[in-house]
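Engineer: Next one to model:
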Amino acid sequence: MSAATPAVTATLRQDATVISLVGFAHGTSHFFHFLVPPLFPMLMQEFGLTFTQVGLIMTVFFVVSGIGQALAGFVVDRFGGMRVLCGGVALLSVAGLAYSVAQSYAMLLGAAVIAGVGNCVFHPADYTIMNRRVSTARLGHAFSVHGLSGSLGWAAAPVFVLAIAAWGGWRAACVGASVVGALSLLFLIVNRKLLEDAEGMPRGESAKRKGGSFAFLGVPVVWMCFAFFLISVMAFGGLQNFAPPLLERTYGISFPIATSALTAYLLGSAAGVGTGGFFAAKGEREDFRIMVSLSCAAACSILLASGAVPAWTVVPLMGMMGFGVGFIGPSRDMLVRRAATATFGAGAFGRVYGFVYSGIDAGLALAPVVFGPFMDAGRFTAVLWGVATLQVLAIGTALAVGSRSRT
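Structural biologist: Below is the predicted model:
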């Protein structure tokens, strides 16, 4: 008994270290997702832009990230996750500086391109490292921490950015974000040995890559996973970009309270991810858990879109919606892992995760283009109805993925 204890402890320590490092990097990625949206009113005033035009900055960011993510998976499979991860963080830091010196709308779009290239590496690199080096029994918790760190990065960014912007303007806020990226890169480099040691092949699983390099594109469940990500995250994208001005104009609340509602959504999402990790490791009914959680989130969207609820309920409803959306994260990741390993083997983690999770970038890229014109036309509740509709559609795709993967 006593002889086995050190080995178990060492495995737990190694798993916890890898999970923490990867989660920290992922939080940095999500922090940069929210660098620009809180600054929309300032950018609109300085450059004379519309909601659609500032939303296009994020569209460029996520289009570049989505295309890059599908390609980054092949690079990760070839060279491993650590070097690719450091390169992505470095580019995000550079993008923060590029935003800060922008003198025109075109320069803002150029900075978004740099940020998109930096952002594209995280999902294929992160999930490859975790799947290869974290014990299978702890993968549900690993995915939970990964999602939780991303949600915390989202939640921290508006507070950080607006606090600095109130003191020194939006350019100072972008410089501050660049410093965050540089510190994150330094942290990864200092601990590089721990992640470099994690470049080995999977524990207890065949590392053989099954099929050709692009064989995964011929499997329907992969496209269903892509569609699920696109639809469900597009709903979030509508809130990410426009929730504060949308809620301010719909319910007559102040902008700080409307921003607090978005923060409540993000914190609720973080709590949902943390809770969902405990359920994701039990059983295989991921699609059922996704259905229940997204149904609750859609109900909150419908209540807000109706305009029939009092203003004081906006913050708690946004928090509950965030919890429902966040709860599905670990189950969603386990669902994708099961589909990937069963069909292609662990040697193709990078390319499968890279392609499937590029649906996230596609959804976030489409959201400003779809919802921005409604904001410009003053049809604010239409955005909330659109969010609810997309969440309902995501339920159908999740059930289809679950059915296919079990088969």
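
Engineer: Val161 contacts Gly176, doesn't it?
Structural biologist: Yes: using CB atoms under 8 Å, Val161 and Gly176 qualify as a contacting pair, with a distance of 7.5 Å. In this view, the C-beta of every residue, glycine as well, is placed from N, C-alpha and C.

Engineer: The two: which has the busier surroundings?
Structural biologist: Val161 (23 against 19; other CB atoms under 10 Å).

Engineer: so how far is Leu366 from that one?
Structural biologist: 24 Å (CB to CB, to the nearest Å).

Engineer: now do Phe323
Structural biologist: Following CB to CB, the distance that separates Phe323 from Leu366 is 25 Å.

Engineer: These two: who's more crowded?
Structural biologist: With neighbours defined as other CB under 10 Å, Phe323 and Leu366 compare such that Phe323 has more, 25 against 20.

Engineer: in what helix or strand does the more buried one lie?
Structural biologist: Remark: Phe323 resides in helix 314-344, with elements defined by DSSP states H and E.

Engineer: tell me what that helix is packed against?
Structural biologist: Under the contact criterion of 3 or more CB pairs under 8 Å, 6 or more residues apart in numbering; DSSP states H and E, the helices and strands touching helix 314-344 comprise helix 122-133, helix 139-168, helix 220-251, helix 255-280, helix 286-306, helix 349-376, helix 380-406.

Engineer: and these as CSV, adding mean pLDDT and distance to Val314?
Structural biologist: CSV is the format used below for these (pLDDT from 0 to 100; distance: least, CB to CB, whole Å):
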stretch, mean pLDDT, distance to Val314
helix 122-133, 82, 31
helix 139-168, 86, 16
helix 220-251, 84, 6
helix 255-280, 83, 5
helix 286-306, 84, 7
helix 349-376, 81, 17
helix 380-406, 80, 11
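
Engineer: Roughly how far does His123 sit from Ser301?
Structural biologist: Distance check for His123 against Ser301: by CB to CB, it reads 26 Å.

Engineer: what's the answer for Ala155, then?
Structural biologist: With distances defined as CB to CB, the gap from Ala155 to Ser301 amounts to 19 Å.

Engineer: More neighbours: which of those two?
Structural biologist: Counting neighbours by other CB under 10 Å for Ala155 and for Ser301 shows that Ser301 has the greater number, 27 against 24.

Engineer: In space, what's closest to that one - neighbours in sequence excluded?
Structural biologist: Ranked by CB to CB, 6 or more residues apart in numbering and with sequence neighbours excluded, the top spatial neighbour of Ser301 is Ala388, at 3.6 Å.

Engineer: what's the answer for Val369, then?
Structural biologist: Using CB to CB, 6+ apart, the closest residue to Val369 is Thr59 (5.5 Å).

Engineer: In which helix or strand does the one you found reside?
Structural biologist: Using DSSP H and E, the secondary-structure element containing Thr59 is helix 51-79.

Engineer: by contact count, what packs against that helix?
Structural biologist: helix 40-47, helix 81-100, helix 105-119, helix 122-133, helix 220-251, helix 349-376.

Engineer: Show the average pLDDT along the shortest one.
Structural biologist: Averaged across helix 40-47, the pLDDT comes to 92.

Engineer: now for it, which elements pack on it?
Structural biologist: Counting contacts by 3+ CB pairs under 8 Å, 6+ apart, the secondary-structure elements packed against helix 40-47 are helix 51-79, helix 105-119, helix 170-190, helix 220-251.

Engineer: Mind listing residues that contact that helix?
Structural biologist: The contact list for helix 40-47, computed with CB atoms under 8 Å, 6 or more residues apart in numbering, reads 36, 49-51, 53-54, 57, 104-105, 108, 165, 169-170, 241, 245.

Engineer: again, but for stretch 85-104
Structural biologist: For stretch 85-104, contacts defined as CB under 8 Å, 6+ apart pick out 25, 28-29, 32, 35-36, 47, 107-108, 110-112, 114-115, 117-122, 125-126, 129, 171-172, 174-182, 184-185, 188-189, 192, 195.

Engineer: where's it relative to the chain centroid, distance-wise?
Structural biologist: The chain centroid and the centroid of stretch 85-104 are separated by 19 Å under CA atoms, centre = their mean, to the nearest Å.

Engineer: can you dump the C-alpha coordinates of that stretch into PDB?
Structural biologist: Extracted as PDB, the C-alpha positions of stretch 85-104 are listed here (Å, rounded to 0.1, in the frame of the first residue of the first chain):
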ATOM      1  CA  LEU A  85       1.700  27.500 -27.800                       C
ATOM      2  CA  CYS A  86       4.500  30.000 -27.000                       C
ATOM      3  CA  GLY A  87       4.400  31.400 -30.500                       C
ATOM      4  CA  GLY A  88       0.700  32.100 -30.200                       C
ATOM      5  CA  VAL A  89       1.000  33.900 -26.900                       C
ATOM      6  CA  ALA A  90       3.900  36.000 -28.300                       C
ATOM      7  CA  LEU A  91       1.700  37.100 -31.200                       C
ATOM      8  CA  LEU A  92      -1.200  38.100 -29.000                       C
ATOM      9  CA  SER A  93       1.200  40.300 -27.000                       C
ATOM     10  CA  VAL A  94       2.400  41.900 -30.300                       C
ATOM     11  CA  ALA A  95      -1.200  42.500 -31.300                       C
ATOM     12  CA  GLY A  96      -1.900  44.400 -28.100                       C
ATOM     13  CA  LEU A  97       0.800  46.800 -29.100                       C
ATOM     14  CA  ALA A  98      -0.400  47.000 -32.600                       C
ATOM     15  CA  TYR A  99      -3.900  48.000 -31.400                       C
ATOM     16  CA  SER A 100      -2.400  50.700 -29.100                       C
ATOM     17  CA  VAL A 101      -0.600  52.500 -32.000                       C
ATOM     18  CA  ALA A 102      -3.400  52.200 -34.600                       C
ATOM     19  CA  GLN A 103      -4.100  55.600 -36.300                       C
ATOM     20  CA  SER A 104      -6.900  54.300 -38.600                       C
END
